[in-house]
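Visitor: got a predicted structure plus its sequence, pasted below:
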Amino acid sequence: MRPGLYLALLFLFTTLAVTIGHAQATLENYALTGVTVVDANHARPLPHQTVVVRGSTIADIFPDGSKPIPDSVSLLRAENKYLIPGLIDTHVHMATDPSDVDNRAATLRVLERMLYSGITTVRDMAGDARILAGLSRDAWTGDILSPNIHYSALMAGPEFFKDPRTVTSTRGGVSGEMPYMRGVSPNTDMVLAIAEARGAGASGIKLYADLSPQMVNKIVAEAKRQGLLVWGHAWLQQSKPSDLIKAGVGSLSHAPLLLYETRDSIPASWKHGGHPARFWDDSVRADKAMLESMKQHHTVLDATLSAYKQWGVQDSARKYYYEIAKRLAAQAYKAGVTVCAGTDNDQEAFVQSELHLLVNDAGFTTFDALVAATRNGAMALGMEGATGTIEVGKMADLVVLDKNPLEDIDNLQSVYLVVKGGKIYRKTPL
Ligand SMILES: [Zn+2]
């Protein structure tokens, strides 16, 4: 490059850097140069790459210096740094009680921290959709500092709607009779119920409790017809995991619930403390046919290890859950089931901690943990064509790291800058 042009760009960039840190930089077209690309398509990282971002999209990827960079593109030098897709947390709850703990100020603080930590997309798995619709809109436009938010409309048997969480997320209305928080029975007008869930802005239905296989089939069929995804808890009392898998439910949340494929309950003897690891290794066995069926149907497991880890820390009488959770997640992973990364821990810790647990307690390689929180998360959201990997034409949802996440998954903490929809986010000026 001509020295004059280089200086001009340097000046331009210094000027732009001042604006980075609040909302987004005004940089429209830029090239990250010298980066090592690490994503699901590259089990072996691709070093010395130039990644061109135009507007919200990844426009080009090529080895450094192998093509000229147009003058219209600003340069962002990122030598010795690592480029990964933006992280996806597939299980958050941002609006369970918007009048209290999930008030707007508190929620905005969490969303901002998530974004700066490298999370560019989250899936909210049931809450007040009136609030989530607004947050989702503001996150998409960039009016708030937040990952993009996809959310669900919950359906369950009518009994479930006494649950206090469903009451706080439907204030001013009636729990179980809201478009996004709906009790369903064989008499429900399913065409209307699904249409209303869509109208509430949900990307998917979340099946929660007390639903028969017939009801699950009915919901999935109508949701598919109307273009909505269906997700669920891995067990709905009346429906076993394999019922949900066969019905075409896209993702199953909570690894321990897979146990209910072959059991009616967790044996009381398991709940006593002090069992050695060998006891758990011998006792906790995922049904092989169920795992095989998950693979065949491309069902994604949303293991949520973080939630079970946290329960055990808060209450030692519930430590057994984590022993079960990490083993079932490990067995699903080993069998080749697609696992995504959801936390479900009320944002006490972010998805990076889920990946830490997948690696340290469930036998994931650092690469597969990263894939869980990127490509697999996108698959669970039906967004794999748009995000989750670093490919030309996909949304520029990216994180630049100072350190290699494949060497140590906790290197995800070494965030240099975050890109969401092409916009650059960084706490301090570059
Ligand atoms: Zn949840």
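Guide: All right, it came through fine. Residues are numbered from 1 along each chain as shown.
Visitor: contacts, neighbours, all on C-alpha from now
Guide: Noted.
Visitor: neighbours around the closest residue to L87 other than its chain neighbours, how many?
Guide: Closest residue to L87 apart from its sequence neighbours, by C-alpha to C-alpha, 6 or more residues apart in numbering: I119 at 4.4 Å. By the other C-alpha atoms under 10 Å criterion, the neighbourhood of I119 contains 30 residues.
Visitor: shouldn't I119 be in contact with P85?
Guide: No: contact criterion C-alpha atoms under 8 Å: I119 and P85 do not qualify, at 9.3 Å.
Visitor: sorry, back to before: who's in contact with the residue nearest to L87?
Guide: 86-89, 147, 351 (C-alpha atoms under 8 Å, 6 or more residues apart in numbering).
Visitor: Throw these into JSON lines and include pLDDT and secondary structure, thanks.
Guide: Listed next are those as JSON lines, based on pLDDT from 0 to 100; DSSP: H, G, I helix; E, B strand; the rest coil:
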{"residue": "G86", "pLDDT": "98", "secondary structure": "coil"}
{"residue": "L87", "pLDDT": "98", "secondary structure": "strand"}
{"residue": "I88", "pLDDT": "98", "secondary structure": "strand"}
{"residue": "D89", "pLDDT": "98", "secondary structure": "strand"}
{"residue": "P147", "pLDDT": "98", "secondary structure": "coil"}
{"residue": "V351", "pLDDT": "98", "secondary structure": "helix"}
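Visitor: sorry, back to before: tell me how far the residue nearest to L87 lies from L135.
Guide: Distance from I119 to L135, counting by C-alpha to C-alpha, to the nearest Å: 15 Å.
Visitor: cool, and D282?
Guide: The value you get for D282 to L135, if C-alpha to C-alpha is used, is 45 Å.
Visitor: neighbour count: these two, which is higher?
Guide: The neighbour comparison of D282 against L135 (other C-alpha under 10 Å) goes to L135, with 25 against 8.
Visitor: which helix or which strand is home to the more buried one?
Guide: Following DSSP states H and E, one finds L135 within helix 129-141.
Visitor: what about A289, helix or strand, and which?
Guide: helix 288-296.
Visitor: and whichever helix or strand comes after that helix, which residues are buried?
Guide: As assigned by DSSP H and E, the chain's next helix or strand after helix 288-296 is strand 300-302. For strand 300-302, a neighbour-count test (16 or more other C-alpha atoms under 10 Å) marks 300-302 as buried.
Visitor: closest one of these to A156?
Guide: Checking the buried residues of strand 300-302 against A156 with C-alpha to C-alpha, the nearest one is D302 at 18.9 Å.
Visitor: burial measure for L236, as a count.
Guide: L236 has 23 nearby residues by other C-alpha under 10 Å.
Visitor: helix, strand, or coil at it?
Guide: For L236, the assignment made with DSSP: H, G, I helix; E, B strand; the rest coil gives coil.
Visitor: now do T90
Guide: strand.
Visitor: still on that earlier bit, who touches the helix holding A289?
Guide: Identification of contacts with helix 288-296 by C-alpha under 8 Å, 6+ apart yields 241-242, 245-246, 261, 300, 332, 335-338.
Visitor: select only the buried ones of these in ChimeraX?
Guide: For the buried members of those, the matching ChimeraX selection, counting by 16+ other C-alpha under 10 Å, is:
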select :241,242,245,246,261,300,332,337,338
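Visitor: can you put the contacts of helix 288-296 in JSON lines and add secondary structure?
Guide: JSON lines is the format used below for these (three-state DSSP):
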{"residue": "P241", "secondary structure": "helix"}
{"residue": "S242", "secondary structure": "helix"}
{"residue": "I245", "secondary structure": "helix"}
{"residue": "K246", "secondary structure": "helix"}
{"residue": "E261", "secondary structure": "helix"}
{"residue": "V300", "secondary structure": "strand"}
{"residue": "A332", "secondary structure": "helix"}
{"residue": "A335", "secondary structure": "helix"}
{"residue": "G336", "secondary structure": "coil"}
{"residue": "V337", "secondary structure": "coil"}
{"residue": "T338", "secondary structure": "strand"}
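Visitor: take the contacts of helix 288-296 and lay them out in JSON lines including distance to I205.
Guide: JSON lines is the format used below for those (distance: C-alpha to C-alpha, whole Å):
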{"residue": "P241", "distance to I205": "17"}
{"residue": "S242", "distance to I205": "18"}
{"residue": "I245", "distance to I205": "15"}
{"residue": "K246", "distance to I205": "17"}
{"residue": "E261", "distance to I205": "22"}
{"residue": "V300", "distance to I205": "15"}
{"residue": "A332", "distance to I205": "24"}
{"residue": "A335", "distance to I205": "27"}
{"residue": "G336", "distance to I205": "25"}
{"residue": "V337", "distance to I205": "22"}
{"residue": "T338", "distance to I205": "20"}
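Visitor: which helix or strand contains the closest residue to T365 other than its chain neighbours?
Guide: Of all residues beyond its chain neighbours, the one nearest T365 is V359 (6.0 Å), with distances taken as C-alpha to C-alpha, 6+ apart. According to DSSP H and E, V359 maps onto helix 351-362.
Visitor: after that helix comes which helix or strand?
Guide: helix 366-372.
Visitor: any idea how far M181 is from S152?
Guide: 9 Å.
Visitor: for I144, same thing?
Guide: For I144 relative to M181 (C-alpha to C-alpha), the value is 26 Å.
Visitor: tell me which of the two has more neighbours.
Guide: Counted by other C-alpha under 10 Å, I144 and M181 do not tie: M181 has more neighbours, with 27 against 18.
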